[in-house]
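Student: Sequence and computational prediction follow.
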Amino acid sequence: MVDKVIKASKIIALLEEGCSQCFVAQRLNVSRSTVQRTWQRYQETGSVKRRPGSGRKTCTEPRDDRFLVSQALRNRKSSYVDLKNTLEEVRNVQISLWTVRRRLLAANIHSHRPARGPKLLRGHRVARLSFARNCVSWTHEDWDRVLFSDEARISLHGEDRRRRVLRRRGERFAEACFEEITPYGGGSVMFWAGINSMDRTELVFIENGTLTGHRYITEVLIPYAQPALTALGETSIFMDDNARAHRSGGVDAYMLEVGIRRLDWPARSPDLNPIEHV
């Protein structure tokens, strides 16, 4: 309400300075009809405040609305039911869930699924901060030398349970409305790939079982990662995460032998790896 009064005051001020209604609408990013109604109301009443409406009065006062907003911001995981019950308990005001939703929307508070990320302990946060400080001065040329890599495991018959069916009452187990599932997703396949700012490796299919340190050397590093690093030049840097296969003693010895420089990577930091977004 306060924002509307301020905007209406700006409209009147610009019009009294001699600006056209079209110019005022463009300047304040409002419709021309809004400017016209505001000016007409000001000429009739001498005020920029809205005339008292004849409709149903709101069931909450401004203090109640501010209470709802403050409770929502203090506990971001509160549901509409929680906020409704809290308002009734503290301020003895009974409202519907739709009213709670409208009050929050008026305050530009929307309900969304929370962003997800790895659980970080203090040691993880310290390592990520150290990594950021070490790399904050890197230029584009420095990052061009890095080959980012990662594996992805894909379930063959995974189901995220988001798909829906249209059915009538009593058709829950009808064949057209039934979906068969495979234990443990029917197995999975693993792929490996590497990217840099200018190129990418081939997509490597890891067949028959898990990725071990020996397989990592013979199936990934020798045929794919090492040629890609050679193409980047002598100053190339290889980035792989802290998976057990990547950090085995045999892998460390091989990289030291062939001279592959490895980027120190903080644990639990998939969000820092650009290949995750590819």
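Tutor: Cool, the structure landed. Residues are numbered from 1 along each chain as shown.

Student: How many neighbouring residues does Asp150 have?
Tutor: When counting by other C-beta atoms under 10 Å, one arrives at 19 neighbours for Asp150. For every residue, glycine as well, the C-beta is placed using N, CA and C.

Student: ok, it touching Pro274?
Tutor: No. Between Asp150 and Pro274 there is no contact under C-beta atoms under 8 Å: 9.7 Å.

Student: And the contacts of stretch 73-87?
Tutor: Stretch 73-87 has contacts (C-beta atoms under 8 Å, 6 or more residues apart in numbering) with 64, 67-68, 71-72, 93, 95-97, 100-101, 104, 109, 111, 114.

Student: From those residues, pick the one nearest Ala13.
Tutor: Ile109 (30.7 Å; C-beta to C-beta).

Student: What are the neighbouring residues in contact with the nearest residue to that closest one once chain neighbours are set aside?
Tutor: Among residues not flanking Ile109 along the chain, Ala72 sits closest, at 5.6 Å (C-beta to C-beta, 6 or more residues apart in numbering). Residues in contact with Ala72 (C-beta under 8 Å, 6+ apart) are 78, 83, 104, 107, 109.

Student: what's near enough to touch the last one?
Tutor: In this case it means Ile109. Counted by C-beta under 8 Å, 6+ apart, Ile109 has contacts 69, 72-73.

Student: Please identify the buried residues of stretch 151-171?
Tutor: Glu151 (16 or more other C-beta atoms under 10 Å).

Student: CA atoms of it as PDB?
Tutor: Extracted as PDB, the C-alpha positions of stretch 151-171 are listed here (Å, rounded to 0.1, in the frame of the first residue of the first chain):
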ATOM      1  CA  GLU A 151      31.600 -39.800 -14.500                       C
ATOM      2  CA  ALA A 152      27.800 -40.200 -14.500                       C
ATOM      3  CA  ARG A 153      25.900 -43.300 -13.600                       C
ATOM      4  CA  ILE A 154      22.500 -43.600 -15.300                       C
ATOM      5  CA  SER A 155      19.800 -46.100 -14.200                       C
ATOM      6  CA  LEU A 156      18.500 -48.100 -17.100                       C
ATOM      7  CA  HIS A 157      14.900 -48.200 -15.900                       C
ATOM      8  CA  GLY A 158      14.700 -45.500 -13.200                       C
ATOM      9  CA  GLU A 159      11.400 -43.900 -12.500                       C
ATOM     10  CA  ASP A 160      11.200 -40.500 -10.700                       C
ATOM     11  CA  ARG A 161       7.400 -41.100 -10.000                       C
ATOM     12  CA  ARG A 162       6.500 -37.800 -11.700                       C
ATOM     13  CA  ARG A 163       4.600 -39.400 -14.600                       C
ATOM     14  CA  ARG A 164       0.800 -39.600 -14.100                       C
ATOM     15  CA  VAL A 165      -2.000 -41.600 -15.600                       C
ATOM     16  CA  LEU A 166      -5.600 -40.700 -16.300                       C
ATOM     17  CA  ARG A 167      -8.100 -43.100 -14.700                       C
ATOM     18  CA  ARG A 168     -11.600 -43.500 -13.400                       C
ATOM     19  CA  ARG A 169     -12.600 -44.800 -10.000                       C
ATOM     20  CA  GLY A 170     -11.800 -48.500  -9.600                       C
ATOM     21  CA  GLU A 171      -9.200 -48.500 -12.400                       C
END
